[in-house]
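K.L.:
build the 3D model from these lines:
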Amino acid sequence: MKIALAQIDLKSGDVTENVSRMVAYIKKAKEAGHEIVILPEMCDTGYDMPEILRTACDWSRGAVPQLRQTAKELAIGVIAGVSERVGEDVFNAVVCIDRHGEIVGTYRKTHLITAEPMREHEYLKAGSALGIIRLEGHVFGLMTCYEIRFPEIARALALSGAEILVIPAAWPLVRLMHWRTLVLARAIENQVYVAATGRLGNDTGVPFAGTSMIVGPYGNLMASGTQVHEGIISAEIDFEFIQTVRSEIKVHQDRREELYQPVVGSPA
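P.N.:
Numbering: from 1, shown residues only. So this is what the prediction gives:
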């Protein structure tokens, strides 16, 4: 399966402009022969909390209908980080659309960042379920940006059958070293593919890191974007290789769950 990461800049609060950019990069991905394209976090609204609250809407309007139409017209799968309004609540969400334009799965970010200047927890509502979806015959696990810091999420997704972890992100440049390390770690420790899409640009004085990455289940860096250039980052995914890696280093087989149960909660 040939997948693409669309590493793009976004304009805070300008959904029309951002959708136009998303559609343009989906078309580029299709023209290059990709089956699935993955877009960054909050790629409809940009990543500015007041602007997200101002511009977020339910999925009958805004970016999602246009993403569905584009996916159907081009016959390509689309995974995008977008805002989602439900009544008075706004979620940091991911929508998964198949090549027929149908929504086959969604995810609402469960772990909201409390650090300055993002403070998602003061503006957004957290989701309450992990993200597992099936697309083009394979199982995808969904995480969003900050959640890559929680190995428990990635392990739970892998144990639920995820073959590839998809991580839309708006990761700050100042913590680029963390990003690179964590993306590699989540792939190595779970022996899965990781496709992490980072955006470019600058919202509320926070420069974003870009550096979109596709990593294989052996920790092999298959493709990476830069910190400055927009573009398509792509790789061919061989899902059978997962079993090759797991048969060589039997991490999943050698786990001892009885030892972990008492320590998965809060630290002492």
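
K.L.:
okay, now the sheet partners of whichever helix or strand Ile232 is part of, with direction.
P.N.:
Assigned by DSSP states H and E, Ile232 falls within strand 231-236. Partners of strand 231-236 in the sheet, by DSSP bridges, are strand 2-7 (antiparallel).

K.L.:
quick one: buried residues of the strand it pairs with?
P.N.:
In terms of neighbour count (16 or more other C-beta atoms under 10 Å), strand 2-7 has its buried residues at Ile3, Ala4, Leu5, Ala6, Gln7. No exception for glycine: its C-beta is placed from N, CA and C like everyone else's.

K.L.:
might one say that the last one is in contact with Arg199?
P.N.:
Pointing back at Gln7 there. Yes: between Gln7 and Arg199 a contact is recorded at 7.0 Å, counting by C-beta atoms under 8 Å.

K.L.:
overlap in contacts, these two.
P.N.:
Pro40, Gly210 (C-beta atoms under 8 Å, 6 or more residues apart in numbering).

K.L.:
if I pick the closest residue to Ile164 other than its chain neighbours, what's in contact with it?
P.N.:
Once flanking residues are discounted, Ile164 sits nearest to Tyr193: 4.0 Å by C-beta to C-beta, 6 or more residues apart in numbering. When contacts are counted by C-beta under 8 Å, 6+ apart, Tyr193 touches Glu163, Ile164, Leu165, Ala187, Ile214, Val215, Gly216, Pro217, Ile237, Phe239, Ile242.

K.L.:
and with 10 Å instead?
P.N.:
By C-beta atoms under 10 Å, 6 or more residues apart in numbering, the residues touching Tyr193 are 1, 3, 138, 140-141, 162-166, 187, 214-217, 220, 222, 235, 237-239, 241-242.

K.L.:
out of those, which are buried?
P.N.:
Using 16+ other C-beta under 10 Å, the buried ones in the contacts of Tyr193 are 1, 3, 138, 140-141, 162-166, 187, 214-217, 222, 235, 237, 242.
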